[in-house]
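Colleague: Pasting the sequence and the predicted coordinates here, then a few questions.
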Amino acid sequence: TARSGDFQQVIDSVRSTMQAADGKASDAMVGRGSIHTAMIAMTKADLGFRFLTQVRGKAVDAYRQLMNLQF
């Protein structure tokens, strides 16, 4: 079973990936980094965000199903 601490680590990891992508994009815009590196970082951040969104959706669906159960 997943623990809330594990999920918080995933959220923190995605957050840091997004911040890194933002930094690499800024560097590329001012000529200190490559577009290629920025695009890879942005793709990683996008995939992480999409993953979290899917997990959240599944958790909400599971919660709704539990609330609809009749005992």
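Modeller: On my side now, so go ahead.

Colleague: which ones are touching the residue most central in space within the chain?
Modeller: Nearest residue to the geometric centre of the chain (C-alpha atoms, centre = their mean): F49, 2.7 Å. Shown in contact with F49 (C-beta atoms under 8 Å, 6 or more residues apart in numbering): V14, M18. Just so you know, the C-beta spots here come from the backbone N, C-alpha and C atoms, and that holds for glycine as well.

Colleague: so it is in which element?
Modeller: For F49, the element it lies in under DSSP states H and E is helix 35-68.

Colleague: now swap in Q9 and tell me
Modeller: Using DSSP H and E, Q9 falls in helix 4-29.

Colleague: Give me the buried positions along that helix.
Modeller: V14, T17, M18, A21, K24, A25, A28 (16 or more other C-beta atoms under 10 Å).

Colleague: Is the fourth one in contact with M39, as I believe?
Modeller: No - shown here, A21 and M39 do not form a contact pair, counting by C-beta atoms under 8 Å, at 9.2 Å.

Colleague: Look up phi and psi at G33.
Modeller: phi -140, psi 170 (degrees, to the nearest 10).

Colleague: Show the contacting residues for it.
Modeller: So G33 contacts K24, D27 (C-beta under 8 Å, 6+ apart).

Colleague: mind checking how far the nearest residue to S34 once chain neighbours are set aside is from V60?
Modeller: In this structure, S34 finds its nearest non-sequential neighbour in A28, 6.3 Å apart by C-beta to C-beta, 6 or more residues apart in numbering. Distance, A28 to V60, by C-beta to C-beta, to the nearest Å: 36 Å.

Colleague: and the direction of the helix holding F49 versus that of helix 4-29, what angle?
Modeller: Interaxial angle of helix 35-68 relative to helix 4-29 (axes from the mean of the first three to the mean of the last three C-alpha atoms, to 10 degrees): 150 degrees.
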